[in-house]
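**Q** pasted the sequence and its predicted model underneath.
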Amino acid sequence: MQKFDAIRPFYDSEINEAILNVKNHPMMKAMMGFTFPEVDESVWKEQLSKTHSIRDFQCNFIYHTIQKVLENSSDGLTTSGFEKLEKGESYLFVSNHRDIVLDTTLLNVSLFEHGLVMTASAIGDNLVQKDFLNVLAKMNRNFLVQRGLSPREMLTSSKTLSEYIGHLIQHENRSVWIAQREGRTKDGNDATNPGVLKMLAMGSDEANLMDYFKKLKIVPVAISYEYDPTDVLKIPQLLAETNNEVYVKEKNEDFMTLLSGIMGPKKRIHIHIGDVLDQEISKIQAEVDNNNKQIQALAQVIDDSILQSYKLWPTNYIAYDIVNKGTTYADRYTESEKSLFERRLEMRIDAENPVALQGLLDMYANPVVNQLKYSNELKS
């Protein structure tokens, strides 16, 4: 399928050559040294040299790297909802997006542990500008979302991307992970951009768009970190947006954010798998008449699933109470958890900058605010 060559990951037939080209790279040595500190370099190099598929690379190397990351920077990963998925079935996972690498990698770790089909995952080409990262991404079954294109180029690129996603799910029986919006959530408000669904719709081979979305087997995914390891790194962009300024990234900002997300402290992490959106799509089909409105309704259904199943941590309740100058959720956290959170704020943010402080607090408080909307709707 040459039309996908510019964005696709490696084929299994290309993996061994790719590995041989990078096995001596300093970043590969650093990654393997971190993953297998007790193992002699010659041993892991020999094992890498015998690797001939993406699955083998992921299961024998990347899986263990992520276990080390979790061990060193978290208090563990928990999951819920995976029992809803069928073994051997492919799905389109639409996820909220908090961390560049971990959101999708942790989902794949969980899918692997549950014996389910792992994903091909969308990644912005801006994140793999370094040659080694580009190769590593393609070895890990990432496909590229091309950024910074002209409107005409973007249209062509989106069409190719949507066709590739449809091809993976329907013809290769490969699950796909895609974020609900371009870029990570900066303010704690996870919201699906209908533009992402419009892009997916460009690959439709059905007369009725909702029939196509049913074929994709859309599954909303909510991932939540007790501490967002990149929370402070999101503040400059929030400040720029507050001042109606255009935010311009520093030269190596994406790479530094990527590293911070992997190595920064996260405490507990939870992934929840929502329902496969089948009946919900049938309902939209029956009640909503045009494509645009149907896409808006589907975005809302995805949001409803993610926001309601997002795991709230003590940090979320603490931030909510600080923002609201109250003790509404004092029973959801301890005094020591509150002190730890406040100390983290003091260490990571300039207290003299009220906008930055408010931005960081909102990042943690907004998931509580969002869940409250649903409980209030139930009461009314």
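**A** Received it, and whenever you're ready, just let me know what you need. Residues are numbered from 1 along each chain as shown.
**Q** and L168, helix, strand or coil?
**A** Three-state assignment for L168 (DSSP: H, G, I helix; E, B strand; the rest coil): helix.
**Q** right, and it touches V176 too?
**A** Yes - under the criterion of CB atoms under 8 Å, L168 makes contact with V176 at 5.4 Å. The C-beta positions use only the backbone N, C-alpha and C, and glycine is treated the same way.
**Q** centroid residue for the protein?
**A** Per CA atoms, centre = their mean, the C-alpha nearest to the average position across the chain is that of D103, at 3.5 Å.
**Q** packing partners of the helix of greatest length in the chain?
**A** Assignment by DSSP state H gives helix 354-379 as the longest helix of the chain. Applying 3 or more CB pairs under 8 Å, 6 or more residues apart in numbering; DSSP states H and E, we find helix 354-379 packed against helix 235-242, helix 291-309, helix 314-323, helix 335-348.
**Q** how about the last one: buried residues?
**A** Read it as helix 335-348. Buried residues in helix 335-348, counted by 16 or more other CB atoms under 10 Å: 337-338, 340-341, 344-345.
**Q** same check, this time on the first one
**A** By 16+ other CB under 10 Å, the buried positions in helix 235-242 come out as 235-238.
**Q** how far out from the middle of the chain is that helix?
**A** Taking the mean of its C-alpha atoms, helix 235-242 sits 21 Å from the chain's own mean (CA atoms, centre = their mean, to the nearest Å).
**Q** how big is the angle separating the next helix or strand after it from helix 235-242?
**A** Per DSSP states H and E, the first helix or strand lying C-terminal to helix 235-242 is helix 253-263. Angle of helix 253-263 versus helix 235-242, following axes from the mean of the first three to the mean of the last three CA atoms, to 10 degrees, is 130 degrees.
**Q** alpha carbons only: can I get helix 253-263 in CSV?
**A** Extracted in CSV, the C-alpha atoms of helix 253-263 (Å, rounded to 0.1, in the frame of the first residue of the first chain):
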residue,chain,number,x,y,z
GLU,A,253,10.4,21.8,23.9
ASP,A,254,8.6,18.8,22.5
PHE,A,255,11.6,16.5,23.3
MET,A,256,12.0,17.8,26.8
THR,A,257,8.2,17.4,27.5
LEU,A,258,8.4,13.9,26.2
LEU,A,259,11.3,13.0,28.6
SER,A,260,9.6,14.8,31.5
GLY,A,261,6.4,12.8,30.9
ILE,A,262,8.3,9.5,30.9
MET,A,263,10.5,10.2,33.9
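**Q** for that helix, packing partners?
**A** Helix 253-263 packs on helix 63-73, going by 3+ CB pairs under 8 Å, 6+ apart.
**Q** ok, residues contacting the following helix or strand past the helix it packs on?
**A** With elements assigned by DSSP H and E, the helix or strand that comes after helix 63-73 is strand 74-80. By CB atoms under 8 Å, 6 or more residues apart in numbering, the residues outside strand 74-80 that reach it are 70, 106, 109-110, 114, 226, 265-273, 309.
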